[in-house]
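Could you work out the structure for the sequence below:
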Amino acid sequence: MELVSACLAGVACRYNGACRTDRALAARAASGDLLPVCPELLGGLSLPRPPSEIRGGAGAEVLDGKARVVSRDGADLTAAFLKGAQAVLDLARSVAARDAFLAARSPSCGVGEVHDGGFSGGLIPGDGVAAALLARNGIHLVAVGKPKTAATGLFAPTQPGLRLARKSDAADLARLAAQLGYPSEAEALAPRLAMYSADQGKAIIVAEEDGRVVGWASLELVELLISERHVEISALVVDEERRNRGIGGRILAEAQAWAESRGARLLRVRSNVVRQGAHRFYEAQGFARTKESYTFEKPVGRGESQR
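Okay, the predicted model is just below:
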């Protein structure tokens, strides 16, 4: 038996309560061929929890006492990460594991590169804390789900069944937009879809099952004078026939990966006050409600009423 990051096996244990399921690895875990582990939960951290990064090096430096793991709000979580890493190593020894399939860029499980501790999307060479400890004890590490970096200007979704939207998706996007309460025609969406595809600061991530688009989210990188660089989820919808199956959570996890690839420090979504179900969903995914506000509109140009 080998090890696998629990989030890759379909366990919703990432810091934001989401998962990054790899279908092949999840199937192997379900058959008993892989042992799912989450170093951060084994270390006693909560779910959900603030995002964490290694400051002062990578996992090896944490093991040597030269670096520490901190949360975005400044809490020192080094002891919990070390405890979780040791627990994973103990489990690996108990099943005589030789390989570990680990989630990319995680401060616990990252292989080859991790975030640099600045919570700005920057990366440095090195492994996460648990990954480094496993490697020191002769266990072969395999990175799973590494997204493209912002420097390349590209992004490839890492989860099976998720991808960036294509021109041919216009009709499906329109169909699902109507379910969200925005009646749309494919002909009207097509030029907007082309605009998103051409702009590296915008993206539409779609979920596909059996060759059919069953959900999508539109993302926009926002940089304002009065707020930090962040990504706005301008719309998210899952086909009403496929809801409550984890599709929305998977899309959100991929949206977060896209945001990280663009150096964003925050993922933001707005939801109508009457959508109570949506509010519960976002809160379950680790989003915090910050404020309530009104939206005002005024026609301009020829659309403005004459007085």
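
where along the stretch 1-150 of the chain do the strands fall?
Counting by DSSP state E, counting those that start in this stretch, one finds strands in the stretch 1-150 of the chain at the ranges 2-5, 34-37, 52-55, 68-71, 99-103, 113-115, 123-125, 140-144.

now for these, which one comes closest to residue 165?
Counting by Cβ to Cβ, residue 165 lies closest to strand 140-144 out of the strands of the stretch 1-150 of the chain; the figure is 24.0 Å. Every residue, glycine included, has its C-beta placed from N, CA and C.

ranges for the helices of the stretch 51-200 of the chain?
Here the stretch 51-200 of the chain has its helices, by DSSP state H, counting those that start in this stretch, at 59-63, 78-94, 129-136, 170-179, 186-198.

now the strands of the stretch 1-150 of the chain as a markdown table including mean neighbour count and distance to residue 206?
Converted to a markdown table, the strands of the stretch 1-150 of the chain look like this (neighbours: other Cβ atoms under 10 Å; distance: least, Cβ to Cβ, whole Å):
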| stretch | mean neighbour count | distance to residue 206 |
| --- | --- | --- |
| strand 2-5 | 27 | 25 |
| strand 34-37 | 23 | 27 |
| strand 52-55 | 24 | 29 |
| strand 68-71 | 20 | 32 |
| strand 99-103 | 24 | 22 |
| strand 113-115 | 23 | 27 |
| strand 123-125 | 12 | 26 |
| strand 140-144 | 17 | 21 |
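
would CSV of those with distance to residue 249 and mean pLDDT be doable?
Shown next, in CSV, are those (distance: least, Cβ to Cβ, whole Å; pLDDT from 0 to 100):
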stretch, distance to residue 249, mean pLDDT
strand 2-5, 16, 95
strand 34-37, 17, 96
strand 52-55, 20, 96
strand 68-71, 22, 97
strand 99-103, 15, 92
strand 113-115, 22, 90
strand 123-125, 25, 87
strand 140-144, 18, 87
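
Using JSON lines, please lay out those together with distance to residue 192.
Listed next are the strands of the stretch 1-150 of the chain as JSON lines, based on distance: least, Cβ to Cβ, whole Å:
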{"stretch": "strand 2-5", "distance to residue 192": "37"}
{"stretch": "strand 34-37", "distance to residue 192": "40"}
{"stretch": "strand 52-55", "distance to residue 192": "35"}
{"stretch": "strand 68-71", "distance to residue 192": "38"}
{"stretch": "strand 99-103", "distance to residue 192": "33"}
{"stretch": "strand 113-115", "distance to residue 192": "33"}
{"stretch": "strand 123-125", "distance to residue 192": "32"}
{"stretch": "strand 140-144", "distance to residue 192": "34"}
